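Chemist: sequence plus the predicted model coming up.
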Amino acid sequence: MRARRLTGALVAGLLVLAGCSTGGSGGASLSMAQVARAVSADRMLHWVGSWRWSDRTVAVDLDTLGSGDGLGTVTVAGHRARLLFGQGRMLVRADAGFWRASGASKADAARMARGWSDAGDPELVDDPPPFEGLQLAMLTPGGLGTRLGNPAACARRRADRAAAGRTSVRTGAARPAGVPASALRFVGPAGCERGVYWVSATGTHQLLAYRGPDQPAADWSADLITAGPVTGTTLTVRVGSLAQARAEYRAVTAVADTVPATIEAGSGARDEITVSADPASDSQAGPCFHDGCARLDFVVTADDTSEAVTASVAVTVRLTADKRTVGECRLPTHVLQPSAHHTWPCPMTDARLRGLGSYRNLSWAATYAGSLTEPSHAAALARADRAAATRLG
């Protein structure tokens with residue numbers, strides 16, 4: 001699994017503040033425990049921000065709710081995707097341009113652009129690259145409040161950061177647009193993420209913004225942290241009112257109601273489907289390779305190692321000599337259920353087989369094309385948020 005690192009940095013940076021009590025503007029004193037309690041009590045948080053990922057700009061606009069669910073958009077190199085998350089799932093709807101800009105293969109981009117697709121667990125998104133570290137569960141009021149109230153996190157992060165070879169970051173960041181001049185300004189202590197954080201100076205001391213050049217993950221161990229190409233992060237946050245939270249629960253419900261029960265699996269699902277082929281009989285293959293033949297039988301083996309992905313696969317077996325195809329057999333589409341194992345015969349009756357004796361460097365391989373789908377669980381998300389909106393009145 002590749003380490004995932006994007007907006008998780010906000011949480012990581014906030015963790016370093018959990019044990020701090022010195023303020024920014026005017027030398028005010030403030031315990032982050034106060035901020036943690038305020039965030040935990042919030043019904044809704046609205047996040048807006050951007051960063052650089054490799055040579056691309058990534059921007060987010062997200063609403064997270066007290067239930068742990070949420071809705072928003074992420075934009076990569078000008079291509080925008082819709083996000084719907086909750087109930088342990090993050091669903092994405094985007095065009096092929098978004099997926100290609102995000103690093104997906106041409107085949108996966110075309111497949112996932114058919115509609116909604118699964119991007120994995122919102123706590124630790126494994127796939128695809130633009131969602132590296134997009135730990136949405138840590139940006140919800142409950143998830144973030146819990147992290148803010150954990151003063152032991154800095155010591156753990158310091159050790160993880162050193163093991164990962166992280167360097168200190170610039171601390172002279174300018175106050176983000178929209179953050180009042182009166183806001184308290186904090187810098188993470190040496191050894192942890194030295195990003196800059198702003199908190200309101202009055203009232204319940206709400207978190208307002210984060211700015212820093214790097215985005216390490218929130219609470220991962222050192223072996224999952226990689227030095228990636230993320231730079232220039234700015235995130236601002238606004239607390240939503242009761243009415244806004246109620247409206248957002250209804251918005252999540254409305255979007256979830258449009259998601260089909262079955263959706264495209266994420267690009268990582270391809271790694272869980274394997275197909276291979278071998279000659280059915282050495283006694284047939286040997287003479288055929290040496291002298292040529294009219295028919296060569298292969299056995300195709302297919303495995304679906306996932307717990308949720310259903311694969312509809314059309315398998316092709318190609319026999320090549322010096323990278324030139326000299327024989328081929330194709331199977332009709334077969335359905336692989338989760339955790340399934342199948343074998344199928346694939347008789348090759350290609351006329352080119354008669355000349356195999358004159359070829360050198362023979363090899364063969366099986367490939368597949370088709371759909372990879374899984375349950376969306378969107379109906380459960382819609383029911384939960386419909387009930388949450390009702391509880392808010």
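Modeler: On my side now, so go ahead. Numbering: from 1, shown residues only.

Chemist: looking at the protein, which helix is longest?
Modeler: In the chain, assigned by DSSP state H, the helix with the most residues is helix 242-258.

Chemist: chain center to the helix or strand just after it: distance?
Modeler: Counting by DSSP states H and E, the next helix or strand C-terminal to helix 242-258 is strand 262-264. Relative to the chain's own centre, strand 262-264 is displaced by 16 Å; criterion: Cα atoms, centre = their mean, to the nearest Å.

Chemist: residue 367: neighbouring residues, count only.
Modeler: By other Cβ atoms under 10 Å, the residues close to residue 367 number 12. Yep, even glycine has a C-beta here, placed from its N, CA and C like the rest.

Chemist: so it touches residue 276, yeah?
Modeler: No - applying Cβ atoms under 8 Å, one finds residue 367 not in contact with residue 276, separated by 10.1 Å.

Chemist: which residues outside the lengthiest strand in the chain are in contact with it?
Modeler: The residue-count maximum for a strand in the chain (DSSP state E) belongs to strand 362-375. When contacts are defined by Cβ atoms under 8 Å, 6 or more residues apart in numbering, strand 362-375 is touched by residues 107, 111, 118, 261-265, 269-270, 273, 275-279, 289, 298, 300, 302, 306, 308-321, 326, 333, 356.

Chemist: which residues of this protein score low on pLDDT?
Modeler: Within the chain, the stretches with pLDDT under 70 are 1-32, 122-135, 147-173, 187-195, 212-231.

Chemist: residue 302 versus residue 368, what's the distance?
Modeler: 8 Å (Cβ to Cβ, to the nearest Å).

Chemist: could you count how many residues lie near the closest residue to residue 310 other than its chain neighbours?
Modeler: Counting by Cβ to Cβ, 6 or more residues apart in numbering, residue 373 is the residue found nearest to residue 310 once chain neighbours are left out, at 5.3 Å. Using other Cβ under 10 Å, residue 373 has 22 neighbouring residues.

Chemist: got it, and residue 54?
Modeler: Applying other Cβ under 10 Å, I find that residue 54 has 13 neighbouring residues.

Chemist: leaving out the residues flanking it, which one is nearest to residue 65?
Modeler: That would be residue 44: by Cβ to Cβ, 6+ apart, it lies 5.4 Å from residue 65.

Chemist: how much space between the one you found and residue 206?
Modeler: In terms of Cβ to Cβ, residue 44 sits 12 Å off from residue 206.

Chemist: neighbour count winner among those two?
Modeler: Neighbours per residue (other Cβ under 10 Å) separate residue 44 from residue 206, with residue 44 holding more: 24 against 18.

Chemist: measure the residue of the chain most remote from its centre to residue 298 for me?
Modeler: In the chain, the residue that sits farthest from the middle, by Cα atoms, centre = their mean, is residue 291; the gap is 51.6 Å. Distance, residue 291 to residue 298, by Cβ to Cβ: 18 Å.

Chemist: again with residue 118
Modeler: For residue 118, the distance to residue 298 - Cβ to Cβ - is 33 Å.

Chemist: same question, residue 177
Modeler: Residue 177 is 63 Å from residue 298, by Cβ to Cβ.

Chemist: equivalent analysis for residue 196, please.
Modeler: From residue 196 to residue 298 the distance is 61 Å (Cβ to Cβ).

Chemist: quick one: the helices in the stretch 51-200 of the chain?
Modeler: 96-101, 106-112, 141-148, 153-163 (DSSP state H, counting those that start in this stretch).

Chemist: okay, the angle between the third one and helix 242-258?
Modeler: Orientation check (axes from the mean of the first three to the mean of the last three Cα atoms, to 10 degrees): helix 141-148 against helix 242-258 gives 110 degrees.

Chemist: other SSEs contacting helix 141-148?
Modeler: helix 8-15, helix 32-41, strand 44-53 (3 or more Cβ pairs under 8 Å, 6 or more residues apart in numbering; DSSP states H and E).

Chemist: got the CA positions of it in CSV?
Modeler: What follows is helix 141-148, C-alpha atoms only, in CSV (Å, rounded to 0.1, in the frame of the first residue of the first chain):
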residue,chain,number,x,y,z
PRO,A,141,-15.8,17.6,14.0
GLY,A,142,-15.6,14.4,16.0
GLY,A,143,-12.5,13.1,14.4
LEU,A,144,-10.6,16.4,14.5
GLY,A,145,-11.7,17.2,18.0
THR,A,146,-10.4,13.9,19.3
ARG,A,147,-7.0,14.4,17.6
LEU,A,148,-6.7,18.0,18.9
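
Chemist: who's in contact with the helix or strand where residue 301 lies?
Modeler: Using DSSP H and E, residue 301 sits within strand 296-304. With contact meaning Cβ under 8 Å, 6+ apart, strand 296-304 is reached by 272-281, 284-285, 288, 310-311, 313, 315, 317, 319, 327, 329, 331, 334, 336-348, 353, 364, 366, 368.

Chemist: next one: stretch 246-265
Modeler: 44, 63, 65, 67, 69-71, 82, 84, 86, 91, 111-112, 114-118, 240, 306, 308-310, 371-376, 378-379, 381-382, 385-386, 388-389, 392-393.

Chemist: in contact with the spatially closest residue to residue 349 that is not a sequence neighbour, which residues?
Modeler: Nearest residue to residue 349, sequence neighbours excluded (Cβ to Cβ, 6+ apart): residue 295, at 5.0 Å. By Cβ under 8 Å, 6+ apart, the contact list for residue 295 reads 347-349, 353.

Chemist: so can I have CSV of those residues showing neighbour count, distance to residue 235 and secondary structure?
Modeler: CSV is the format used below for the contacts of residue 295 (neighbours: other Cβ atoms under 10 Å; distance: Cβ to Cβ, whole Å; DSSP: H, G, I helix; E, B strand; the rest coil):
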residue, neighbour count, distance to residue 235, secondary structure
347, 11, 59, strand
348, 23, 57, strand
349, 13, 61, coil
353, 21, 61, helix
